[in-house]
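Novice: heads up, no residue letters with this:
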């Protein structure tokens, strides 16, 4: 085959141009994957954002799964990814390290946290309250926290909000958490399994009402919820961080209808949960997520009863954290 003069040069040039164009398309495609289009055409920087929830079978875990499903229908471009964790303290570290963009954490864990980048934490919304729960077999001799001396007690995983408040509760009851009990560090699902198997005498839990792991346990094994209201003043005195995170509360009789003492309310303490992020997360992304959290209340609340308390009027009360700019934009936009 022969070519007219100059043909070879044109072929080579076209070939180089084609390769350059292909390379450019690859780069554009990669960059396109780095941006997620929002429902109204705006864009989110970064890859799919991640939300740190909590231990399997806990309320954080279930709330996260339902929020993920809601976003999949109502804001599919966001593509939220979920990560299980040990709980509140772990979640704060995940957000500040960049492993997750969002997380759920209790207000007392936020107040207590002393990491070097704490000032970068921002709030999106106050969600619902966690209730402090001490669970024992129905025939247990434990009727108050002080009765736990010498027993095998799950105190929550080391980086959980459960562990933080449990240590305060035990101290308020006059017990050294490291020496006066036999502490075991478990998530709520594993703790429920071990109580049923006779490998634990009791376990502490801090979660929304009802927590499915406890409700399921009460269906299979006779349990009782031990009152903790007598420790409220002591816990308040131990609280640091400049915020009054705890409030007196009661677990209503219908929270766990199969529990032995389900015929009466159980006095305890409650602590708010916050949806948190970092100061450098894109405002538009945070604004859209804030909107979804508020709009999804009834859908999620039908399956996670605690989420029924997510309310536009209370969501902005996020002490000890300031609101993220994106969340502030949303609340301002819907302010009457």
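Specialist: It's in. This structure is a prediction, so every number in the text was calculated from the model and none was measured. Numbers count the residues shown, from 1 in each chain.

Novice: tell me where the stretch 51-200 of the chain has helices.
Specialist: Ranges of helices in the stretch 51-200 of the chain, per DSSP state H, counting those that start in this stretch, are 59-74, 88-97, 107-112, 161-172, 188-196.

Novice: between the ones you listed, which one is closest to residue 283.
Specialist: helix 88-97 (16.3 Å; CB to CB). Glycine gets a C-beta too; all of them are placed from N, C-alpha and C.

Novice: next up, the contacts around residue 210.
Specialist: By CB atoms under 8 Å, 6 or more residues apart in numbering, residue 210 lies in contact with 255, 256, 305.

Novice: rerun at 6 Å
Specialist: 255, 256 (CB atoms under 6 Å, 6 or more residues apart in numbering).

Novice: likewise for residue 265?
Specialist: 250, 252, 253.

Novice: quick check: domain ranges of the chain?
Specialist: 43-127+273-334, 130-272 (automatic domain parsing).

Novice: can I get these in CSV including mean pLDDT?
Specialist: Shown next, in CSV, are the domains of the chain (pLDDT from 0 to 100):
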stretch, mean pLDDT
domain 43-127+273-334, 94
domain 130-272, 93
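
Novice: list the contacts for residue 50?
Specialist: Residues near residue 50 by CB under 6 Å, 6+ apart: 81, 83, 100, 101.

Novice: farthest-apart pair in those, please.
Specialist: Farthest apart among those by CB to CB are 83 and 101. That separation is 10.5 Å.

Novice: looking at these two, which is more packed in?
Specialist: residue 101 (26 against 17; other CB atoms under 10 Å).

Novice: tell me the contacts of the more buried one?
Specialist: Applying CB under 6 Å, 6+ apart, the residues contacting residue 101 are 49, 50, 281.

Novice: spit out the contact partners of residue 263.
Specialist: Residue 263 touches residue 253, counting by CB under 6 Å, 6+ apart.

Novice: phi first, then psi, for it.
Specialist: Per-residue torsions, residue 263: phi -90, psi 0 (degrees, to the nearest 10).

Novice: what of residue 225?
Specialist: phi -100, psi 120.

Novice: what sits against it?
Specialist: Per CB under 6 Å, 6+ apart, neighbours of residue 225: 133, 259, 266.

Novice: which one of these is nearest residue 325?
Specialist: Distances from residue 325 to those, taken by CB to CB, are shortest for residue 133, at 36.0 Å.

Novice: circling back to that earlier point, now, the contacts of residue 50 that are in strands?
Specialist: Counting by DSSP state E, the contacts of residue 50 place 81, 83 in strands.

Novice: same list (the contacts of residue 50) but as CSV, adding distance to residue 315.
Specialist: Listed next are the contacts of residue 50 as CSV, based on distance: CB to CB, whole Å:
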residue, distance to residue 315
81, 23
83, 23
100, 20
101, 19
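
Novice: which one among the contacts of residue 50 gets closest to residue 120?
Specialist: Using CB to CB, the contacts of residue 50 come closest to residue 120 at residue 101, 12.2 Å.

Novice: nearest residue to the closest one in space, please, no chain neighbours.
Specialist: Nearest residue to residue 101 in three dimensions, chain neighbours excluded: residue 49, at 4.1 Å (CB to CB, 6 or more residues apart in numbering).

Novice: also residue 118?
Specialist: Nearest to residue 118 is residue 96, by CB to CB, 6+ apart, at 7.5 Å.

Novice: measure that neighbour to residue 276 for me?
Specialist: The gap separating residue 96 from residue 276 is 10 Å, by CB to CB, to the nearest Å.

Novice: next one: residue 154
Specialist: Applying CB to CB to residue 154 and residue 276 gives a distance of 26 Å.

Novice: confidence score at residue 38?
Specialist: For residue 38, the pLDDT comes out at 45.

Novice: repeat that for residue 33.
Specialist: Per-residue pLDDT puts residue 33 at 38.

Novice: can I get the contacts of residue 265 in CSV with secondary structure and distance to residue 309?
Specialist: Converted to CSV, the contacts of residue 265 look like this (DSSP: H, G, I helix; E, B strand; the rest coil; distance: CB to CB, whole Å):
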residue, secondary structure, distance to residue 309
250, strand, 15
252, coil, 13
253, coil, 18
